[in-house]
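Visitor: Turn this into a structure:
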Amino acid sequence: ARMVCPDCGSVLEPRHKAELNARGRWLHETAEGALVPLGGGERNTQTAYYWLQGPAAALASWSQIVTRYLEGIEAFLSRGDEKLIRAAENVELGIPSTPRSQINAARLSAAGLRNHAIECAWKMAPTGTRFLTVAVDVQPGRFVVQVEAWRAGLERTVIDRFDLHTPPEGAPGAADRVINPAQYIEDWEVLTPLIDRVYPVEGGEYGLRPVALVVDCGGEAGVTPNAFDFYRKRKVTHPRRFHIVRGDGGLEKERVRAKAPESSHKGGRGKGAKGVVILWAGTDRLKDEIAASLLREHGGPRALRLPKLAPGEVFDEYAAERRTPTGWEKKPGVLRNEALDLSVYALALVIMLGGERIREDALPQWARPDRLNTFAADCPGIGATAAAVGQILTALSAGAAPADPKPAPASAAGFIMARPKRRPI
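Guide: Sure thing, here's the model as predicted:
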């Protein structure tokens, strides 16, 4: 590692450190804030503080400082973990450390996200997509659904977003009410067909079905037991493809952990917990990661891309929260933040599935970017879909409202994937 003088541009080698330190001099601050040599008008005070930064330390090599700093940057970009970068700045460099997550959150705005939205098809997976995820948020009177397409390096794009308001056929009083996830377990059946919905892959003669669906199991009274019952049923009919999730706030929480719900009975789990495993998502840590992903303007590993054709509320919801020293909270006056929460659920799901451990030289069958993917399916009318995309983009540029084509359903198929080993995340 070498240093460049900011004044003259000279390159300084580590061997110069002893000479530089020997020629160094302590400076003091004047009443006006200027730095001057001792005896040159320093501030009249009983206490003087002096600051020596890390590169001047006798026992710290420059290469070690740079290595630990880069390791900290990598940990933050890959896991949203700021412990290493904070230690590198405070201990190795000897400078104050400003939380990057708070800086990123301050930069997030709906207008900024719209300005950097990408030109791509809506309701179509981008070229190179390896798998799709479906995340569902439970709200009074509706399920909020978001679909994300994942490519190499866990780069993902939101490709669909919609609300489900209508109860399924055969549910009690379905013709005279809206969905009520808290009162009617029957209403949860509207989620089952989503796992077999096929989205065409851009540039391919096939489509993809979601690798898995994750749904929030918290909310108003009645939601949690209904979510548990729905999970138990789908665990039998669609093994490992339906999951339930709960947010777990706190900056020190694990990013994701799979655990059965705590029992209210002493001495063991109660009947309500039998056969249920919840994904506990460390919401504050994962939102730090998502904020960094949204601000990556040029794509690449872990970037989160938003199409220009996405509904307007999606951009608002991603910028609906602010980061405080203790975690994330809604901005004053903001009511909806579903897009952000749904991306938290999707990221937690992908981590649990082992997405971060995928090796490029040994892709699992469910993450292949071709027709051999476990969840690849024929997509009727794919040529017509491509033509429709062109028409939508043309209509959008002309200010017209695009149509809302729906992907064709496909038959069910099993999820071929080894269960990942339990480990701290």
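
Visitor: Mind listing residues that contact stretch 308-318?
Guide: With contact meaning C-beta atoms under 8 Å, 6 or more residues apart in numbering, stretch 308-318 is reached by 108, 110, 113-114, 117-122, 158, 161, 290, 294, 306, 336-340, 343, 392-393, 396, 402. The way it works is simple: take the backbone N, C-alpha and C, and place the C-beta from them, glycine included.

Visitor: Put the buried members of these into a PyMOL selection.
Guide: In PyMOL, this line selects whichever of the contacts of stretch 308-318 come out buried by 16 or more other C-beta atoms under 10 Å:
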select buried, resi 108+110+113+114+117+120+121+122+158+161+290+294+306+337+338+339+340+343+392+393
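
Visitor: From Val136, how far off is the residue nearest to Asn180 when sequence neighbours are not counted?
Guide: In space, and not counting its chain neighbours, Asn180 is closest to Asp187: 6.0 Å by C-beta to C-beta, 6 or more residues apart in numbering. From Asp187 across to Val136, the span is 12 Å (C-beta to C-beta, to the nearest Å).

Visitor: swap in Arg43?
Guide: Counting by C-beta to C-beta, the gap from Arg43 to Val136 is 61 Å.

Visitor: Geometric centre of the protein: which residue is closest?
Guide: Nearest residue to the geometric centre of the chain (C-alpha atoms, centre = their mean): Ile290, 3.7 Å.

Visitor: Helix, strand, or coil at that residue?
Guide: helix (DSSP: H, G, I helix; E, B strand; the rest coil).

Visitor: Report the contact partners of it.
Guide: Contacts of Ile290 (C-beta under 8 Å, 6+ apart): Leu304, Tyr318, Leu340, Ser343, Val344, Leu347.

Visitor: Thought Glu329 was touching the third one, still the case?
Guide: No. The pair Leu340 / Glu329 is not scored as a contact, 11.7 Å apart, by C-beta atoms under 8 Å.

Visitor: sorry, back to before: state whether the residue nearest to Asn180 is indeed within a helix.
Guide: Yes. Secondary structure assignment places Asp187 in a helix (three-state DSSP).

Visitor: returning to what we had before: so what's in contact with Leu340 and Glu329 at the same time?
Guide: By the contact definition C-beta under 8 Å, 6+ apart, Leu340 and Glu329 are jointly contacted by Glu321.

Visitor: Tell me how far Val91 lies from Pro55.
Guide: Separation of Val91 from Pro55 (C-beta to C-beta): 13 Å.

Visitor: quick one, what contacts the residue nearest to Asn180?
Guide: With C-beta under 8 Å, 6+ apart, Asp187 has these contacts: Pro167, Pro168, Ala171, Ile179, Asn180, Pro181.

Visitor: that older thread, farthest-separated two in the contacts of Ile290?
Guide: Pairwise distances across the contacts of Ile290 peak at 13.3 Å for Tyr318 and Leu347 (criterion: C-beta to C-beta).

Visitor: which one of these two has more residues nearby?
Guide: Higher neighbour count among Tyr318 and Leu347: Leu347, with 30 against 25, using other C-beta atoms under 10 Å.

Visitor: Which element, helix or strand, includes the residue nearest to the more buried one when sequence neighbours are not counted?
Guide: Leaving out its chain neighbours, the residue that sits closest to Leu347 by C-beta to C-beta, 6+ apart is Leu286, at 5.4 Å. Under the criterion of DSSP states H and E, Leu286 resides in helix 283-294.

Visitor: CA atoms only: put that helix into CSV for me.
Guide: Only the C-alpha atoms of helix 283-294 are listed here, as CSV (Å, rounded to 0.1, in the frame of the first residue of the first chain):
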residue,chain,number,x,y,z
THR,A,283,-35.9,-6.3,9.3
ASP,A,284,-33.5,-3.4,10.3
ARG,A,285,-30.4,-5.2,9.0
LEU,A,286,-32.1,-6.3,5.8
LYS,A,287,-33.5,-2.8,5.1
ASP,A,288,-30.0,-1.5,5.4
GLU,A,289,-29.0,-3.9,2.6
ILE,A,290,-32.0,-3.1,0.5
ALA,A,291,-31.3,0.7,0.7
ALA,A,292,-27.8,0.0,-0.5
SER,A,293,-29.2,-2.2,-3.3
LEU,A,294,-31.6,0.5,-4.5
